[in-house]
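Asker: no sequence on this one, just coordinates:
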């Protein structure tokens, strides 16, 4: 049953939809135009893991429009990304859970005012799903259960919105993958509520989203990298890791995952080259990645010398 709970907790899209609908609330006056332009700048800094610049921009945006949930959402995603991809520490978990509360509250208020706002549905499904995932990892079972079930309900609402939008495809892709990954002996639980899907259906939806010409494609590539790696399909995982690092060359999180995948493919030379690249970037906001890269590089070099 624990595996089923974990699966249900992670049925949610990633950052999909938010970058594609940056202007959804913008009016025609110059103040809103400035807000949307600065939001794009903040999101670009976020994706390149220039989190100092991103935080500064998001702080300005929160002062300009304190009721807009988007700056709070991306700010909360910083500790989540580090927690999810690098180190599942209690400190990062607490930081994410605290920061995401404001984003949840504002998103819900926005959805109450605009019930058919797909972006808010996506944001809430993602936020509750992430909160459930992190809480489960920290044994905060009540928070995990409440967040997981709430996020699941938003995901079902998303799935009821028939759409070929890339952000909707990411939501469906994650949903199909997780339902399809539930062990056959537990399929009765999903069949009872009409949930049927296959892992490859999930990959298909995510690949379609990855081909879109927006930052949403990066979100889809990120999940394809993660899920293929989870399935031990390392060649496929590497394909999407390289696509990500090509368009986001300063994102040290994606570079680190690329190096890890190279190691799993026994290509230590390429892995060492990527670790050196990360060390050279020396991202001050993600020092743990620089330190871990230095440790991995030393191990590879020592292994090479011992042969």
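Answerer: Received the coordinates, thanks. From a predicted model like this one, the values you see are computed outputs, not experimental measurements.

Asker: now residue 293, what's its secondary structure?
Answerer: helix (DSSP: H, G, I helix; E, B strand; the rest coil).

Asker: check which helix or strand covers residue 88.
Answerer: Assigned by DSSP states H and E, residue 88 belongs to neither a helix nor a strand.

Asker: look up phi and psi at it.
Answerer: For residue 88, the backbone dihedrals (degrees, to the nearest 10) come out as phi -90, psi 70.

Asker: that one reaches residue 135, doesn't it?
Answerer: No. At 11.8 Å, residue 88 and residue 135 do not qualify as touching, with contact defined as C-beta atoms under 8 Å. All C-beta spots, glycine's among them, are computed from the backbone N, C-alpha and C.

Asker: the more surrounded of these two?
Answerer: residue 135 (22 against 13; other C-beta atoms under 10 Å).

Asker: where does the stretch 1-150 of the chain dip in pLDDT?
Answerer: 1-31 (pLDDT under 70).

Asker: what segments of it are helices?
Answerer: Along the stretch 1-150 of the chain, the stretches classed as helices by DSSP state H, counting those that start in this stretch are 2-9, 30-47, 51-64, 70-85, 90-113, 118-137, 141-160.

Asker: need the winner for burial among the ones you listed.
Answerer: Across the helices of the stretch 1-150 of the chain, the average number of neighbours (mean count of other C-beta atoms under 10 Å) peaks for helix 118-137, which reaches a mean of 25.

Asker: helix 70-85 and that one, what's the angle between them?
Answerer: Interaxial angle, helix 118-137 versus helix 70-85 (axes from the mean of the first three to the mean of the last three C-alpha atoms, to 10 degrees): 40 degrees.

Asker: which secondary structure elements does helix 118-137 sit against?
Answerer: On a contact count with 3 or more C-beta pairs under 8 Å, 6 or more residues apart in numbering; DSSP states H and E, helix 118-137 meets helix 2-9, helix 70-85, helix 90-113, helix 141-160, helix 166-180.

Asker: thanks again, I'm all set now.
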